[in-house]
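Undergrad: requesting a structural model of the entry that follows:
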Amino acid sequence: MSLKEQLKKDFSTITLALMAVGIVLNIALGQVVSMLKLPIFLDSIGTVLVGLLAGPWAGGLTGLLTNLIWGMLTDPVAAAFAPVAMIIGIVAGLCAKYGLFKKWWQAIVSGVIITLALSVIAIPIRVYMFGGVTGSGADFITAYLMATGRDLFSSVVITVITDNLIDKVVTALLAWGIVKGLPKRFTSRFPRANSVTE
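TA: Reported below is the predicted structural model:
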């Protein structure tokens, strides 16, 4: 299969529509959480959903576009984390591809894998671009850890991993539950959904 044919298959009209819904869902939930200053994010449920239904590349592009659009509209900090959002979609899609979203407990394992993958990119961004402070509810955890005598880097590492671990496990479980609850006639339009629904 040529690259053009693969792209046409991976980015069909229905996939593009799903990506648009995923982007809106991400930004809407992310804005609510940001306004409430909650210590989790819930801004990647749409990205993970697209990754599960349409594959890693569509999931990755959904995450990337979410943060770039969000950054332009209301929150410039979100744009800086666009590579992190992209990794979330790619890794979620890969986890689904290799059968790690078939059962609820596998969704939890996938949430852990996603957290570890994104941490490699998120930690340097948070430390070197923002000095550990991004305006999210997680800043309280970083500030507390630094007040107890930890240095900035270790405080951010602990914050990113613990905060994202909770968030991505919840996100993975919610996305898994949504996909499992979708009508078969809808999921059958996404060939990659079989790795979750069967």
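Undergrad: from here on, just use CA atoms for contacts and neighbour counts.
TA: Will do.
Undergrad: next one: residue 41 from residue 30, what distance?
TA: The gap separating residue 41 from residue 30 is 6 Å, by C-alpha to C-alpha, to the nearest Å.
Undergrad: for residue 124, same thing?
TA: Counting by C-alpha to C-alpha - residue 124 and residue 30 are separated by 21 Å.
Undergrad: these two: which is more packed in?
TA: residue 30 (20 against 16; other C-alpha atoms under 10 Å).
Undergrad: what helix or strand is the more buried one on?
TA: helix 13-36 (DSSP states H and E).
Undergrad: how far does that helix sit from the chain's center?
TA: Mean-position distance between helix 13-36 and its chain equals 11 Å (C-alpha atoms, centre = their mean, to the nearest Å).
Undergrad: ok, residues contacting it?
TA: With C-alpha atoms under 8 Å, 6 or more residues apart in numbering as the test, helix 13-36 has contacts from 40-47, 49-50, 54, 58-59, 62-63, 65-66, 70, 136-137, 189-190.
Undergrad: ok, 6 Å please
TA: Contacts to helix 13-36, defined as C-alpha atoms under 6 Å, 6 or more residues apart in numbering, come from residues 43-44, 46-47, 62, 66.
Undergrad: same check on stretch 175-193?
TA: Counting by C-alpha under 6 Å, 6+ apart, residues outside stretch 175-193 touching it are 49, 53-54, 197.
Undergrad: repeat that for 8 Å
TA: So stretch 175-193 is contacted by 14-15, 45-46, 48-49, 52-55, 97, 101, 104, 107, 194, 196-197 (C-alpha under 8 Å, 6+ apart).
Undergrad: now stretch 97-114
TA: Counting by C-alpha under 8 Å, 6+ apart, 52, 55, 87-88, 91-92, 95-96, 165, 168-173, 176, 192, 195-198 sit against stretch 97-114.
Undergrad: may I have that stretch exported as PDB, CA atoms only?
TA: The C-alpha trace of stretch 97-114 is given here as PDB (Å, rounded to 0.1, in the frame of the first residue of the first chain):
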ATOM      1  CA  LYS A  97      -3.300  -1.700  18.100                       C
ATOM      2  CA  TYR A  98      -1.400  -4.200  20.300                       C
ATOM      3  CA  GLY A  99      -4.500  -5.300  22.300                       C
ATOM      4  CA  LEU A 100      -4.000  -3.200  25.400                       C
ATOM      5  CA  PHE A 101      -7.500  -1.800  25.400                       C
ATOM      6  CA  LYS A 102      -9.600  -4.900  25.300                       C
ATOM      7  CA  LYS A 103     -10.400  -5.100  29.000                       C
ATOM      8  CA  TRP A 104     -10.800  -2.500  31.700                       C
ATOM      9  CA  TRP A 105      -7.500  -3.500  33.500                       C
ATOM     10  CA  GLN A 106      -5.700  -3.300  30.200                       C
ATOM     11  CA  ALA A 107      -6.900   0.300  29.800                       C
ATOM     12  CA  ILE A 108      -5.300   1.000  33.200                       C
ATOM     13  CA  VAL A 109      -2.000  -0.500  32.000                       C
ATOM     14  CA  SER A 110      -2.300   1.700  28.900                       C
ATOM     15  CA  GLY A 111      -2.900   4.800  31.000                       C
ATOM     16  CA  VAL A 112       0.400   4.000  32.800                       C
ATOM     17  CA  ILE A 113       2.300   3.500  29.500                       C
ATOM     18  CA  ILE A 114       0.900   6.700  28.200                       C
END
